[in-house]
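K.L.:
Predicted model, plus sequence, below.
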Amino acid sequence: AQTVTQSQPEMSVQEAETVTLSCTYDTSESDYYLFWYKQPPSRQMILVIRQEAYKQQNATENRFSVNFQKAAKSFSLKISDSQLGDAAMYFCAYRTFYNTDKLIFGTGTRLQVFP
Amino acid sequence: DGGITQSPKYLFRKEGQNVTLSCEQNLNHDAMYWYRQDPGQGLRLIYYSQIVNDFQKGDIAEGYSVSREKKESFPLTVTSAQKNPTAFYLCASSIGDRGGNEQFFGPGTRLTVL
């Protein structure tokens, strides 16, 4: 069974600085998708970034980028130029390429941003 | 605006009662999902539906039931058989059955058992 691990329950960063959130996963599959979701205090889950495992190029979305290391089964999220609005819970999630039933989530990392 | 709505936002239930959480989407999505979120844990899948009149159990379906009579609606009933129902419930939908499709989430319902 696939598992997703986020080993950092809490992280903090100063405004305008860069922070990296860690995520590791376990799978025997070769094709899959990885996601980072943001859950602000409103508790609405918002997709931040998506990575296809068959693509070697790391995904980027404005200030958000990932470091995808397939062999190491690592999928970290880098937030550059952190803003106060980035404060939230961040969840790493895994989804198989063929089986469409569910996202498998990590336990989340709470990010605090200080001015 | 297209999106997913969940109601109510807060729900209180007495022990032994069944309650139904509403989830509606106007995104014309085929697939819909129910997740449960507990403190310190990630989201866990309760039920999902890929098409009208069809649904499958997720990892923690015991004590829950669903229906999918319309494409836009996927209500979740929390029955008295659910031993620890106090949690935050999130509904999601996606365009179809490809693994890379984004799941869009509703704002959630907080259920508390008194």
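P.N.:
That came through, no problem.
K.L.:
Am I right that residue B:93 falls within a strand?
P.N.:
Yes. Using DSSP: H, G, I helix; E, B strand; the rest coil, the assignment for residue B:93 is a strand.
K.L.:
how about the residue nearest to residue A:89 when sequence neighbours are not counted, what does it touch?
P.N.:
Residue nearest to residue A:89 in three dimensions, not counting chain neighbours: residue A:39, with 4.3 Å by C-beta to C-beta, 6 or more residues apart in numbering or on different chains. All C-beta atoms are positioned from the backbone trio N, CA, C, and that covers glycine. Residue A:39 makes contacts with A:45, A:46, A:88, A:89, A:90, A:91, A:108, as judged by C-beta atoms under 8 Å, 6 or more residues apart in numbering or on different chains.
K.L.:
swap in residue A:75?
P.N.:
A:23, A:24, A:25, A:34, A:36, A:51, A:66, A:67, A:68, A:69, A:92.
K.L.:
how much space between it and chain B?
P.N.:
Between residue A:75 and chain B the computed distance is 14 Å (C-beta to the nearest C-beta, to the nearest Å).
K.L.:
What's opposite that residue in the beta bridge?
P.N.:
Beta-bridge partners of residue A:75, counted by DSSP bridges, are residue A:68.
K.L.:
Same question for residue B:54.
P.N.:
As for beta bridges, residue B:54 partners with residue B:51 under DSSP bridges.
K.L.:
Kindly report the same for residue B:77.
P.N.:
Residues in beta-bridge contact with residue B:77 (DSSP bridges): residue B:20, residue B:65.
K.L.:
wait, it sits on residue B:64?
P.N.:
Yes. Contact criterion C-beta atoms under 8 Å: residue B:77 and residue B:64 qualify, at 6.8 Å.
K.L.:
Of the two, give the one with the bigger neighbour count.
P.N.:
Per other C-beta atoms under 10 Å in any protein chain shown, whichever of residue B:77 and residue B:64 has more neighbours is residue B:64, with 21 against 14.
K.L.:
how near is that one to residue B:73?
P.N.:
16 Å (C-beta to C-beta, to the nearest Å).
K.L.:
distance of the nearest residue to residue A:73 once chain neighbours are set aside from chain B?
P.N.:
Computed as C-beta to C-beta, 6+ apart, the closest residue to residue A:73 that is not its neighbour in sequence is residue A:25, at 5.3 Å. Applying C-beta to the nearest C-beta, the value for residue A:25 to chain B is 12 Å.
K.L.:
Could you list the contact residues of chain B toward chain A?
P.N.:
B:31, B:33, B:40-45, B:48, B:50, B:56, B:58-59, B:88, B:90, B:92, B:97-100, B:102-108 (C-beta under 8 Å from any C-beta of the partner chain).
K.L.:
Kindly indicate whether residue A:85 is helix, strand or coil.
P.N.:
Going by three-state DSSP: residue A:85 is helix.
K.L.:
Need the pLDDT of it.
P.N.:
Residue A:85 is assigned 96 on the pLDDT scale.
K.L.:
Give the full set of residues in contact with it.
P.N.:
Counting by C-beta under 8 Å, 6+ apart, residue A:85 makes contact with A:40, A:113.
K.L.:
and if we set it to 10 Å?
P.N.:
Neighbouring residues of residue A:85 by C-beta atoms under 10 Å, 6 or more residues apart in numbering or on different chains: A:38, A:40, A:113.
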